[in-house]
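Trainee: quick one: sequence plus predicted model below, questions after.
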Amino acid sequence: MNSQAADLIISNMRAYIYDNEPTDPRLPHEAIPSIPISIDVLDKLGVQHVTIPTEEDWEAGINKLADERDYKSRDALDISRAGLGDEFEDKLRGFWTEHLHEEEEIRYVLEGSGYFDVREGNTTDKWIRIAVTAGDLLILPPGIYHRFSVGQEGKAHLVRLFKDKPFWTALYRNEETDASVFNKQYVETYNARLLST
């Protein structure tokens with residue numbers, strides 16, 4: 001492993017409108033023709049994305065980010081049949097069910113691939129699919145509705161960052177979460193950015 005810290009560089013991950021076909025979420029679900037989503041739109045949604053190459057000292061890159069954002073702990077999650085055993089399908093269903101979090105979510109892909117889907121905003125409520133592979137790091141703001149699926153290879157090894165103790169709480173979408181302060185703050189902050197374009 002390289003002794004120098006990996007630099008945070010602009011990500012080359014792809015984002016596009018989800019096709020809404022009722023098939024396996026592990027498939028790409030890219031419309032034909034494709035409707036790409038620009039980095040500018042993701043930025044306006046509050047979605048941040050960088051690359052920390054896994055071939056370099058990725059832990060130094062994660063440490064740097066954690067220090068900058070005052071994150072004190074982390075864990076690793078092996079989302080695969082080997083890693084989760086009999087819980088694999090149940091866990092996937094939980095990740096795939098639309099939800100939000102009270103705090104921002106930071107995920108770094110160490111191995112494998114997957115898809116984070118985020119709502120385009122209350123202006124259309126379409127899904128934007130963000131394809132991630134090893135080296136991609138995604139930061140989702142609190143209050144954004146989203147979901148996750150592994151890719152076609154069926155595995156994703158993720159590093160999760162937390163402000164305090166490792167603890168993951170999903171608030172699944174319903175009338176209460178729509179009316180929650182977290183969702184309202186998100187909508188007020190980021191929909192204004194989208195509507196200003």
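Mentor: It's in.
Trainee: kindly list the longest helix within this protein.
Mentor: Determined from DSSP state H, the single longest helix within the chain is helix 58-69.
Trainee: name the element the spatially most central residue of the chain belongs to?
Mentor: Nearest to the mean C-alpha position of the chain, by Cα atoms, centre = their mean, lies residue 116 at 4.6 Å. Here residue 116 sits within strand 105-119, counting by DSSP states H and E.
Trainee: so which bits of that strand are buried?
Mentor: Neighbour counts over strand 105-119 (16 or more other Cβ atoms under 10 Å) mark 105-110, 112-119 as buried. For the C-beta atoms, the positions are set from N, CA and C on the backbone; glycine is no exception.
Trainee: paired strands for the helix or strand following that strand, with orientation please.
Mentor: Using DSSP H and E, the helix or strand that follows strand 105-119 towards the C-terminus is strand 127-133. According to DSSP bridges, strand 127-133 forms sheet pairs with strand 14-17 (antiparallel), strand 105-119 (antiparallel).
Trainee: what mean pLDDT does the first one have?
Mentor: Summarised as a single mean, pLDDT over strand 14-17 is 95.
Trainee: try the last one
Mentor: For strand 105-119, the per-residue pLDDT values average out at 97.
Trainee: before we move on, back to that, need the strands paired with strand 127-133 in a markdown table (columns: distance to residue 146).
Mentor: Listed next are those as a markdown table, based on distance: least, Cβ to Cβ, whole Å:
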| stretch | distance to residue 146 |
| --- | --- |
| strand 14-17 | 13 |
| strand 105-119 | 5 |
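Trainee: any idea how far residue 105 is from residue 168?
Mentor: Applying Cβ to Cβ, to the nearest Å, the value for residue 105 to residue 168 is 9 Å.
Trainee: quick one: the helices in this structure?
Mentor: Going by DSSP H, the chain shows helices at 39-44, 58-69, 81-84, 88-96, 175-178, 181-186, 192-195.
Trainee: low pLDDT regions in the protein?
Mentor: 1-12, 122-123, 192, 194-197 (pLDDT under 70).
Trainee: hang on, isn't residue 115 packed against residue 133?
Mentor: No: the criterion here is Cβ atoms under 8 Å, and residue 115 misses it with residue 133 at 10.5 Å.
Trainee: joint contacts of these two?
Mentor: Counting by Cβ atoms under 8 Å, 6 or more residues apart in numbering, the contacts common to residue 115 and residue 133 are residue 151.
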